[in-house]
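Q: pasting the structure only:
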């Protein structure tokens, strides 16, 4: 795997002098086009052997291009805000928006490589981590990102020489730390780990580019040209998304039976029982959140449902039981400009709560497989792949001790009509009803099909969908509260 | 001060039943209009005596209005990301955008009140803190925010009764903590502190609204109506900014002498000395950033200057000396949608670095008193008040051990012309020159006047402007690097 990067590549001074101005000009042109079009972000990872010139390479990219539109991130130890979220949260925060270049000097590979090197994680676990990285990068690529992963390599002898020569020069001595020499001692193991990692994570959409790091000029030209070639060909190729468009497979519907129409929507609760139960479960929920271990977990609650299904009312019955300090209701509206410049899930990652906190989503990331699918706001390929991306996302939450509770509040078409009419009459509910609600109603059956697919594809053992019969609002609220109590209790 | 809030206000059941639906409807209407117009944010602080129902009042606001557009923040202990920035950073993060309501359950008053109560800060220091709060709120108000500060009051006897009654009811017992009883013991001191605080911070733009907290119905109606009245009258008043427009006083120019034309732009450095000095100061800067105490401070560097003054080149000479892990170049472009929905300084607060880090701003918050002033992008009142807001901002940075280094790179009009022409010819510099650059050049004198005012008004002892003679790029770069070294060294 590293054979071509141990050949002793060098660039003579003349070639260097001739090539650099040309490359620099072309890179700047490409960067400027990238910025103007703002169609995709460029994500550059710079990894490799100590002393292979990772830092210098990052600096030269900043020097050759316009550094104002390059964001360099050298991710260190996680902050406490980061530690309380899934490990990938910190990288989501740092993703470059469309049109910009993000350079990651340490990246999502640092953790797994270090764990492998120091034996703190076992084989199957590491393979899982690699697989998650592959899926993450595929998602980024599907969202349009151009991903360039550089591995700067040095043979063992080159590494030794390089460290020695850096040490000899007073101007560069500071660059060599004890850690570098410690790492040098485990060169062979590191090489094995690197090879394993690179092999497992070199994918069609994001292959590793291995570059010999011995000669700085060779290294810079090689990295610079690879960046240029990739950005330029992507810019010239125009809209790249069409290539990934696939015909979504349809799950055949043989009979009228579905998870939705099987629900008994006639279920009711008497007013008195409702009040008793409401008090009981609100009190219980409150007690649970004051449990000493609650601070070690967090809760994400998702509400989906047709218009007027009672999402807002159910949410208020939950928040009414909680201390305002510990919850946040996140309404999902049209994405902002900053959100539109990022991968789809970015705007939800923003709101992932810290330990001891609730985030209640009024509509959510499921919009992609519901409204965006039905209304054609995204391509078939986009919503098809969303199922997998969403379950990956939720799996990360659950692994981080975040409880994921998902409610589908289901009402009948007749009940919706009754509520729409009521809303138009009761003055303080008027704001809740818009022409769009009436339009959505016309596509009831299409939405139902999308809901059934959603449940089939994303109801997992770790984050199951809870279908809530909601023709009776009170019944629905109690079921929601009771479920939240049970799930939190089980998690503690 | 609390006299009217100790009269025993109550609301009878009938009034409550009659009033609530009306109030609720009006509040929702107002909230909806607020959201639609998205002209200003509403900032509500809920403070007061323990047991006066702060949490319940926040909940009722969430219940009466649409909770999806209310952001409730109960700020707890700062996270490590927050601790490494000025104390106000955490509140800037949480400010509601235009059209939304932000409720602060604990606020910027918590710290000072607690310090006063427990005697951890002395009188003059506290007065300073209050004065800073007043200035912060005035800035928010000037930026268009509607600020409502509620103080829920209880007489000593009412507080005792309230805590007792909460304790008696099993459903509410959990609300009373040991801390509440401890606080009850120092009721009198607390009352004194509160009175002092409220008096000092009740301003025309953000007065405290004191409400008796004994009877929940009275308390809810009073708060609800105050919110309604304030939001509604502000909505109906239309564009509020005109009222604050003032005629900016002009500093008379008697002769041609200015801080700019006094500069000796003919200063040069020979190529050889340049290279020697560059290496020297880059090495020195690098060493300084590896000093053991550097991790306790942070550095903000601001670059301003006419187009083609050499900001980018100077920035690269600084970043070239630094480890990519520890710096970030922040280009100041047109604000994004999320940034436009916030006070002017919000988008700079976002980029305030953590300890041990550099943030280098390529253009900055000074845009308001330069380009926005000259091009008329903001009103005279806006840029006039910006001087004070900016020095307040920088003072907060400095108090937080953030070194603020501000460079004005000055070039002559002739030199700019020469560089513009060169940029048009050298192909990889073409991206640097736009028609806007030529347009700005036509207003050279107006910009010069704005620069002189800026220097006069914002060059402070703690954050002075450094004027850099930049007709010779090399000379400028060395002066910049040398200054950065000296300032960092002095701060360590």
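A: That came through fine. These numbers come from a predicted model, not from an experiment.
Q: which residues of the stretch 151-300 of chain A score low on pLDDT?
A: Flagging of the stretch 151-300 of chain A using pLDDT under 70 yields the residue ranges A:239-254, A:256.
Q: ranges for the helices of it?
A: A:156-168, A:178-185, A:187-201, A:216-236, A:271-289 (DSSP state H, counting those that start in this stretch).
Q: most packed of those?
A: Highest mean neighbour count among those (mean count of other C-beta atoms under 10 Å in any protein chain shown): helix A:216-236, with a mean of 18. In this view, the C-beta of every residue, glycine as well, is placed from N, C-alpha and C.
Q: and the gap between the spatially most central residue of chain A and residue A:144?
A: Central residue of chain A (C-alpha atoms, centre = their mean): residue A:345, 5.4 Å from the mean position. Counting by C-beta to C-beta, to the nearest Å, the separation of residue A:345 from residue A:144 is 13 Å.
Q: if we can go back for a sec, list the contacts for the residue nearest to the centre of chain A?
A: By C-beta atoms under 8 Å, 6 or more residues apart in numbering or on different chains, the contact set of residue A:345 is A:92, A:139, A:365, A:389, A:390, A:393.
Q: change it to 10 Å
A: Shown in contact with residue A:345 (C-beta atoms under 10 Å, 6 or more residues apart in numbering or on different chains): A:92, A:139, A:143, A:365, A:368, A:386, A:389, A:390, A:392, A:393.
Q: what does residue A:444 give?
A: Counting by C-beta under 10 Å, 6+ apart, residue A:444 has contacts A:306, A:412, A:413, A:416.
Q: surely the second one touches residue A:472?
A: This means residue A:412. No - applying C-beta atoms under 10 Å, one finds residue A:412 not in contact with residue A:472, separated by 11.1 Å.
Q: which bits of the stretch 51-200 of chain A sit near chain B?
A: Residues of the stretch 51-200 of chain A lying near chain B by C-beta under 10 Å from any C-beta of the partner chain: A:54-76, A:78-84, A:97, A:103, A:105-106, A:170-172, A:174-175.
Q: out of those, which are inside helices?
A: A:54-64, A:80-83 (DSSP state H).
Q: which one (most neighbours) among the residues you listed?
A: Among those, residue A:57 has the most neighbours (other C-beta atoms under 10 Å in any protein chain shown), with 26 neighbours.
Q: from residue B:423, how far out is that residue?
A: Taken as C-beta to C-beta, the span from residue A:57 to residue B:423 is 27 Å.
Q: cool, residue A:483 as well?
A: Distance of residue A:483 to residue B:423, given as C-beta to C-beta: 65 Å.
Q: among those two, which residue is more densely surrounded?
A: Higher neighbour count among residue A:483 and residue B:423: residue B:423, with 19 against 16, using other C-beta under 10 Å.
Q: from memory that one sits against residue B:438, does it?
A: No - the pair residue B:423 and residue B:438 does not pass the contact test of C-beta under 10 Å, sitting 11.2 Å apart.
Q: picking up where we left off before, buried ones among the contacts of residue A:345?
A: Buried members of these, counted by 16 or more other C-beta atoms under 10 Å in any protein chain shown: A:92, A:139, A:143, A:365, A:368, A:386, A:389, A:390, A:392, A:393.
Q: and those residues, which is closest to chain B?
A: residue A:92 (15.5 Å; C-beta to the nearest C-beta).
Q: would you say the closest one is within a helix?
A: Yes - using DSSP: H, G, I helix; E, B strand; the rest coil, the assignment for residue A:92 is a helix.
Q: any idea how far residue A:393 is from the closest residue to it other than its chain neighbours?
A: The shortest distance from residue A:92 to any non-neighbouring residue, by C-beta to C-beta, 6 or more residues apart in numbering or on different chains, is to residue A:349 (4.2 Å). From residue A:349 across to residue A:393, the span is 8 Å (C-beta to C-beta).
Q: anything in the strand or helix carrying residue A:437 near chain B?
A: Taking DSSP states H and E as the definition, one finds residue A:437 inside helix A:435-442. No - using C-beta under 10 Å from any C-beta, helix A:435-442 never reaches chain B; the gap is at least 14.5 Å.
Q: cool, stretch A:319-338 as well?
A: Yes - using C-beta under 10 Å from any C-beta, stretch A:319-338 reaches chain B at A:319-333, A:336-338.
Q: dump the buried ones among the contacts of residue A:345 to TSV, plus distance to residue A:297.
A: Below are the buried ones among the contacts of residue A:345 laid out as TSV (distance: C-beta to C-beta, whole Å):
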residue	distance to residue A:297
A:92	20
A:139	26
A:143	30
A:365	21
A:368	27
A:386	26
A:389	24
A:390	21
A:392	20
A:393	18
